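1. Here's my sequence, what's the structure:
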Amino acid sequence: MTLQTPNLGILDRLPREVRDMVWEYICAPRGDQSNPHTKNSLASLGTCRQVYEELSAKVYDHETFIIRVSPRYQVNSWLCFENSRGAKWHVKDLEDAKTRGFANFPYKRLKEVTISIEATQHIPGREDQGQIISLFFKMRDLTEILLEAKKGGLHNLNLELLDSGTGKWYEGGGPKATILLIQDAPSFVPEFDFSVVWLPLYSFASFLPNMELGQLPCEMREFLMGEITAQEADQEIRSDENAKERSDILYAHFDLALDGEEGETADMLRLHRFSTWYQRGADHGSEYLRELERVWRDRAWGATWRDGWNENDSVAIEKRCYMFHSLNPLYAKRQRGRSTQGIAGPFKRPQFSEVLKDCPSAVNLEGVWDRDEWFRRYPAGIKPWKYITEGWRLPLYNEEGRTYRDASDAFADRFGGQASLYLLYLFGDKTE
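-> Sure, this is the predicted structure:
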């Protein structure tokens, strides 16, 4: 934060006691602070150094922060940050949270930070296993934020597991295990819902001894306390690096399962995936694909943890790109953009090979990205696409020939797959 001149201006005429009353008023609850145009006390901190020193004590010191994580998908509220004064900040996604400074927030000055996680909900007649995937994805993003905060001195972290009338962490005589209902769930993954959401947080196991765990059922307390014992007994197996690897594996399997998972939350998670494909704009490339590349290609998974791994799973990622290419509402927007800029000739949908190469021109005019356009076009989410055969690739190969085959081969290589061999088997060595 860049601080301006230390001059307080007209406020310098007021006694410190009166200025403290002004700061108290500025820090009063203002409700939802998500709108970037909403005035709030955080904006006042950059006025000058003396204002920062006087006001920050009111904003941060003795303050508690609650980070709320819901299994349901709520548009424009991926995570919710709330202070004890009643102010709330809803962030749309991970990039939005970083842009708005939550990764660099001075958590070390806060009295307490609590992660409050709601249990997955069950509504009779409406199966929605995607909620456990939603919790895991959100916890994974939140962990990335908190790891940055940990570097700055995060020192007091609490975990709160919330029940509701339609969802509980502990039911039927034992901890809930929604993950067992997820299609093709690998055998090594955490068994219970609470252990699924804990996995990304493993780097914060050192905070466990100071956490208030009394409100948790016995099995959950024993599990978390067992994590402390295991960490102390075997640092190599229970290292942060090892935990991140396990988290990566579960992320990869959940990401594959999401392609065909049914339910309201899964539909919205697919929409979230496509709407954040280029979080920082098409000119910066796809953060989503880069993260998948890191997980799939740079992995060092043991034989047991590679359960279900197929070298051609990269084709599933290519299918995902094809869904993105086919459903992208920005193509129509690009058509309108061409006419307003006087570009001659009819608009032609970009080749799929350009999408596989992550070319900005294949996304929208001049690399422009509009997350909200996806939500306007698909307000109810995106239904699963269930490919039974590889026939969807035939029209692409017939149209683009070796250009597509080479692009598909290079794309598969990013993720450790072998796509071109598949294409040669299906369609032969066609020349352009």
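2. all helices for the stretch 51-200 of the chain, in order.
-> Assigned by DSSP state H, counting those that start in this stretch, the helices in the stretch 51-200 of the chain fall at 94-99, 130-151, 193-198.
3. Which strands or helices does the first one pack on?
-> The reference is to helix 94-99. The contact analysis (3 or more Cβ pairs under 8 Å, 6 or more residues apart in numbering; DSSP states H and E) places helix 94-99 against helix 130-151. Backbone N, C-alpha and C define where each C-beta goes, glycine included.
4. residues of the helix it packs on that come out buried?
-> 130-143, 145-150 (16 or more other Cβ atoms under 10 Å).
5. picking up where we left off before, dump the helices of the stretch 51-200 of the chain into CSV; add distance to residue 252 and mean pLDDT as well.
-> Shown next, in CSV, are these (distance: least, Cβ to Cβ, whole Å; pLDDT from 0 to 100):
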stretch, distance to residue 252, mean pLDDT
helix 94-99, 17, 90
helix 130-151, 12, 91
helix 193-198, 14, 87
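6. And those: which comes nearest residue 117?
-> helix 193-198 (5.7 Å; Cβ to Cβ).
7. Show me where the stretch 201-350 of the chain dips below the pLDDT cut-off.
-> Flagging of the stretch 201-350 of the chain using pLDDT under 70 yields the residue ranges 205-221, 223-240, 297-312, 332-348.
8. For residue 396, what is the enclosing helix or strand?
-> helix 393-400 (DSSP states H and E).
9. And that helix, what's buried?
-> 393, 396-397, 400.
10. could the residues you listed go into CSV alongside distance to residue 73?
-> Below are the buried residues of helix 393-400 laid out as CSV (distance: Cβ to Cβ, whole Å):
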residue, distance to residue 73
393, 31
396, 31
397, 35
400, 35
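11. could you pull out the strands for the stretch 1-150 of the chain?
-> 64-69, 79-83, 88-91, 112-118 (DSSP state E, counting those that start in this stretch).
12. is it true that residue 320 touches residue 259?
-> Yes: the pair residue 320 and residue 259 passes the contact test of Cβ atoms under 8 Å, sitting 6.5 Å apart.
13. neighbour-wise, which of these two wins?
-> Shown here are residue 320 and residue 259; by other Cβ atoms under 10 Å, residue 320 has more neighbours (22 against 19).
14. circling back to that earlier point, report the rounded mean pLDDT for the helix holding residue 396.
-> For helix 393-400, mean pLDDT is 82.
15. Ok, stretch 167-176 next?
-> On average, stretch 167-176 scores 83.
16. Which positions within that stretch qualify as buried?
-> For stretch 167-176, by 16+ other Cβ under 10 Å, it's 167-170, 175-176.
17. Check stretch 411-418 too.
-> Buried-residue list, stretch 411-418, by 16+ other Cβ under 10 Å: 411-412, 414-415, 417.
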